[in-house]
Every structure is written in C-alpha cells, then in structure tokens.
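Chemist: following is a predicted model, sequence given first.
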Amino acid sequence: MTQLVRLERVGDVAEIVFDAPPVNQLSPAFVDALEAAIDGVGDARAALIVSAVPKVFMAGGDIKLMAGAPVAEQGAYIRRLQATFHALELLEVPVVVGIDGAALGGGTEIALACDIRIAAADATLGQPESTLGIFPGGGGTHRLVRSVGNTVAMDLMMSGRRISGEEAGGYNLVSRVVGSGEATAAARELAAELANGATEALRAIKRLGLASYDTPPVQGFAAEAAEWTRVRESDNAQEGLSAFLERRSPNFKAPLPPDVEAGRRHPNARREG
C-alpha cells in the first residue's frame with residue numbers, strides 16, 4: 001500500500017512528498033498523513049513539498065465525500081483543513097513547494113500556505129470549487145486575495161477557471177516559473193540552498209512577513225528592529241559579515257538549541273551547587 005504522504009529527511013531539508021495516485025486526492029486519510037508529516041519536520045532548516053505522482057501535484061478534494069456526507073461533518077472537516085494548512089504556514093522554517101502538473105482546489109490552497117512557490121510553465125492551478133456550487137474552504141479565500149490581490153482572486157474563484165503556471169507567474173501566484181517538468185527539481189535545489197543559509201535570519205524574515213498582515217506599520221518597524229538586533233547577535237550573522245569582508249563564501253551553521261545556547265552564553269547558569 002502506498003504511503004499517502006511521505007516525510008523524508010535529505011540533509012537539513014524535510015521533504016514532504018505526496019504519493020497518493022492517481023491524483024493525490026485530499027481525503028481524510030491524506031490529511032492525517034499530511035498532519036503527521038508537518039509535525040515531523042522537527043529540527044530541519046527548510047521544508048519542501050512536492051508530488052511523486054506524475055503530472056499531478058494535487059487535483060483537489062474528495063467529491064464523493066462532499067456529495068454524500070452530512071453537512072455538519074463536512075463543516076468540521078473544513079475546519080480541520082484550515083488548521084492543517086495553517087500549521088504548514090506557521091512552520092518556523094522556509095517552506096518551498098514545487099508544482100509540476102495539476103494543483104487544483106486544495107492543491108492550490110496548500111501551495112498558498114507555502115512561503116515560496118515554483119511552478120512549471122505548463123502546470124495547472126486554480127480554484128474551481130464555484131463550478132461545483134461551493135467555494136474554497138481551506139483558507140483559499142483569504143490567502144489567494146493576499147497573494148494576487150482582490151480583483152484577480154475574485155476572477156479565479158468566481159469563474160473557477162484554471163490557469164497555467166506561466167499565467168500564475170504573471171499574477172504573482174507563484175514566484176518562479178520553470179520549464180515543463182522542472183519545478184520539483186528547482187524547488188528541491190532552492191530548499192537545499194535555504195537549508196544552508198543563515199537560519200536565524202530566514203526564520204526572522206518569515207515571522208515578520210506573516211505578522212505584517214495584522215500589524216500596523218509603526219509596530220511592524222519596532223518588531224523588525226528588535227528582531228534585527230537579536231539576529232545580529234547570532235554567530236551566523238558574524239560569519240556572513242566576516243565572509244563578505246574576507247571575500248569568501250559564508251559557512252552558516254544550524255543554530256544551537258535555545259537551552260544549549262543559553263548555557264554557552266551564560267556558563268554559570270547551569271552550574272550546580
């Protein structure tokens with residue numbers, strides 16, 4: 001039996017691989033597996049989401065379930081989807097997604113919860129739920145507007161039309177567009193690059209970016225200054241600046257766990273007796 005979602009560790013990258021042929025349907029069992037994978041990212045320095053199913057990232061939800069299950073049960077399931085995708089969005093590490101093939105409905109919603117989206121030019125994205133008499137319920141109405149703006153988001157959700165990866169790039173729905181079948185490899189390469197980056201800086205960028213949607217500018221600037229000072233105290237910041245001055249590539253390292261770092265900076269704090 002195929003494992004619906006695999007979690008694989010490649011160096012410092014946690015790879016979340018969809019492997020539920022033929023279309024990676026967003027079934028309750030699939031969500032179980034996705035939740036477990038998200039919980040298992042652990043101390044990775046970057047995360048990657050890709051599909052092992054040819055020509056499909058994810059084709060959407062379980063239509064038979066939606067047609068036949070009690071509405072109250074489906075409403076609870078929608079809340080669970082929202083919580084799962086939100087947990088993905090809140091992972092403290094950079095999350096890169098590679099889209100080769102179709103990413104429809106819940107597939108686009110999962111991609112929207114990732115930090116960096118890379119799509120093949122001939123990939124297919126869209127929120128076709130309105131053509132079934134429903135609408136995106138996994139956070140799509142919120143994240144799509146944030147990503148592409150209200151007018152484009154209304155067009156995509158109300159018409160239910162599907163767009164190519166190339167068109168998605170024009171709308172800023174994805175940040176990078178690559179050749180046919182190349183998105184998975186490109187996303188994997190970028191995730192590895194980020195995993196070798198200055199972890200403290202990348203995590204601060206993510207925290208501040210997510211907070212910016214709900215934070216007034218003055219408070220955002222204050223938070224940015226506080227985070228900047230904290231990150232500047234890290235070994236990786238010093239390494240990056242020194243490497244630039246010495247005209248060499250920086251050697252960024254995984255940060256120490258908070259308790260170990262505290263003990264290193266304050267050696268007497270753990271002295272017994």
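Modeler: Sure thing, it's come through.

Chemist: the strands in the stretch 51-200 of the chain, which residues?
Modeler: With strands called from DSSP state E, counting those that start in this stretch, the stretch 51-200 of the chain shows them at 56-58, 95-99, 102-104, 116-120, 124-126, 162-164, 176-178.

Chemist: packed most tightly, which of those strands would that be?
Modeler: Ranked by average neighbour count under the criterion mean count of other C-beta atoms under 10 Å, the strands of the stretch 51-200 of the chain are headed by strand 95-99 at a mean of 29. (Glycine included, C-beta is placed from N, CA and C.)

Chemist: which strands and helices sit next to it?
Modeler: On a contact count with 3 or more C-beta pairs under 8 Å, 6 or more residues apart in numbering; DSSP states H and E, strand 95-99 meets strand 46-51, helix 106-112, strand 116-120, helix 183-195.

Chemist: contacts for it?
Modeler: 46-50, 57, 88-89, 107, 110-111, 113-120, 123, 125, 165, 174, 183-188, 190-191, 194 (C-beta atoms under 8 Å, 6 or more residues apart in numbering).

Chemist: got a PyMOL select line for the buried ones in these?
Modeler: Buried members of the contacts of strand 95-99 can be picked out in PyMOL with the line below, counting by 16 or more other C-beta atoms under 10 Å:
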select buried, resi 46+47+48+49+50+57+88+89+107+110+111+113+114+115+116+117+118+119+120+123+125+165+174+183+184+186+187+188+190+191+194
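
Chemist: please identify which of the helices and strands packed on strand 95-99 is closest to Thr131.
Modeler: helix 106-112 (14.1 Å; C-beta to C-beta).

Chemist: hey, C-alpha coordinates of that closest one in PDB?
Modeler: Taking Å, rounded to 0.1, in the frame of the first residue of the first chain, the C-alpha atoms of helix 106-112 are listed here in PDB:
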ATOM      1  CA  GLY A 106      -7.000  22.100  -2.200                       C
ATOM      2  CA  GLY A 107      -3.800  21.700  -4.200                       C
ATOM      3  CA  THR A 108      -3.700  25.400  -4.800                       C
ATOM      4  CA  GLU A 109      -4.600  26.100  -1.200                       C
ATOM      5  CA  ILE A 110      -1.700  24.000   0.100                       C
ATOM      6  CA  ALA A 111       0.600  25.900  -2.200                       C
ATOM      7  CA  LEU A 112      -0.700  29.200  -1.000                       C
END
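
Chemist: rewinding a little: mean pLDDT and distance to Val23 for the strands of the stretch 51-200 of the chain - can I get that in JSON lines?
Modeler: Formatted as JSON lines, the strands of the stretch 51-200 of the chain follow (pLDDT from 0 to 100; distance: least, C-beta to C-beta, whole Å):
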{"stretch": "strand 56-58", "mean pLDDT": "97", "distance to Val23": "5"}
{"stretch": "strand 95-99", "mean pLDDT": "98", "distance to Val23": "14"}
{"stretch": "strand 102-104", "mean pLDDT": "97", "distance to Val23": "8"}
{"stretch": "strand 116-120", "mean pLDDT": "98", "distance to Val23": "17"}
{"stretch": "strand 124-126", "mean pLDDT": "98", "distance to Val23": "12"}
{"stretch": "strand 162-164", "mean pLDDT": "98", "distance to Val23": "14"}
{"stretch": "strand 176-178", "mean pLDDT": "98", "distance to Val23": "22"}
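
Chemist: turn those strands into a markdown table, including distance to Glu224.
Modeler: As requested, those are exported to a markdown table (distance: least, C-beta to C-beta, whole Å):
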| stretch | distance to Glu224 |
| --- | --- |
| strand 56-58 | 34 |
| strand 95-99 | 21 |
| strand 102-104 | 32 |
| strand 116-120 | 20 |
| strand 124-126 | 32 |
| strand 162-164 | 34 |
| strand 176-178 | 26 |
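
Chemist: among those strands, which is nearest Pro217?
Modeler: In this view, these are compared for proximity to Pro217 by C-beta to C-beta, and strand 116-120 is the closest at 24.4 Å.

Chemist: and the contacts of that closest one?
Modeler: With C-beta under 8 Å, 6+ apart as the contact definition, strand 116-120 has outside contacts at 94-101, 103, 111, 125, 165, 168-169, 173-183, 186-187, 190.

Chemist: make a markdown table from the helices and strands packed on strand 95-99 and add distance to Asp12 to it.
Modeler: Listed next are the helices and strands packed on strand 95-99 as a markdown table, based on distance: least, C-beta to C-beta, whole Å:
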| stretch | distance to Asp12 |
| --- | --- |
| strand 46-51 | 7 |
| helix 106-112 | 22 |
| strand 116-120 | 16 |
| helix 183-195 | 4 |
